[in-house]
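Student: quick one, structure for this:
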Amino acid sequence: MRPHPWFLLPVRIVPIPPAGCDRSPMPAHGQRVVSPALLRIDGSTTLHPAFVDLADAHRRRNPGVEMSLRCAGTVTGINRLMGGEIDLATTSRDLRQSEIEQAGNAGISIRTFLIGYDAIGIILHPERHKVVRQLTREQARRIFFDGTINNRSQLDASLSGTIQVYTRDPTASGTASAFNELVAGSESVPCVTRTHVVAESVDLVKVIAQDVEGIGYASSAHLGTTVGATAYRSRDEGRQAALLTGGCQ
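Tutor: Numbering: from 1, shown residues only. The predicted structure follows:
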């Protein structure tokens, strides 16, 4: 099996009946819209690029509906949805049982829709990616979680320098909680103490592009030519296939 650069995860939208949305009939052709309906969306930074395009298309087809679009993170989106602040939350993971129970206790009926699958890539500065082209799951675990790989020389004898680990907060980011579960086995496993926590995926990519010793991870939606995504490799090819589909059920 050829090395694959991604860990896969589901992405969803979570709507509730929008209490704050204007349900007035659409105006007749040519009639001026005075108070357009407002659809409020917040959540995953992973889904934000796609929803920018979707929002533009929606406005063109439905000029009587305005869209407020933010990307404060999966957990923030879910919490704002629970609090009635928004009408639609976007998430890069499945809802936790505690969140489903929280909604039920509050009398909120939540329905989720799987809209696709995203992928998480482990990313390096382009200069380091020229040498380190692939990592095993065990190497990723030792870099991000137990800290026993902390120098570039442990990845390739031609390199040196302390590895700078960048991550996102798993209590706020669906991407981070999925990465923790796929690599470490649990979303609650803490990263190494020297980890630099970055708020958003787009900012993490910018940081790695500037830090030659940096390593992090990001959704495929935010990757470009400024960083290199390492291939994921496993000695156990059957286990590799399981990891690549982990979290997708």
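
Student: alpha carbons only for contacts and neighbour counts from here, please
Tutor: Will do.

Student: strands along the protein, start to end?
Tutor: Per DSSP state E, the chain carries strands over the ranges 7-15, 37-43, 65-69, 88-91, 113-124, 134-136, 164-167, 196-197, 214-219, 228-229, 231-233.

Student: and Val75, which of these is closest to it?
Tutor: Val75 sits nearest to strand 37-43 of all the strands of the chain, at 7.0 Å, using CA to CA.

Student: got the angle between that closest one and strand 65-69?
Tutor: Computed by axes from the mean of the first three to the mean of the last three CA atoms, to 10 degrees, the angle separating strand 37-43 from strand 65-69 equals 20 degrees.

Student: distance from the chain centre to strand 37-43, please.
Tutor: 19 Å (CA atoms, centre = their mean, to the nearest Å).

Student: do stretch 177-196 as well
Tutor: In terms of CA atoms, centre = their mean, the centre of stretch 177-196 is set 14 Å apart from its chain centre.

Student: what residues of that stretch count as buried?
Tutor: 177-184, 187, 191-192, 195-196 (16 or more other CA atoms under 10 Å).

Student: for Thr171, list the residues it contacts.
Tutor: Thr171 makes contacts with Val75, Ser177, as judged by CA atoms under 8 Å, 6 or more residues apart in numbering.

Student: quick one: contacts for Leu159?
Tutor: Contacts of Leu159 (CA under 8 Å, 6+ apart): Arg152, Ser153.

Student: just to check, Gly174 is in contact with Thr45?
Tutor: No - with contact defined as CA atoms under 8 Å, Gly174 does not reach Thr45; the gap is 9.0 Å.
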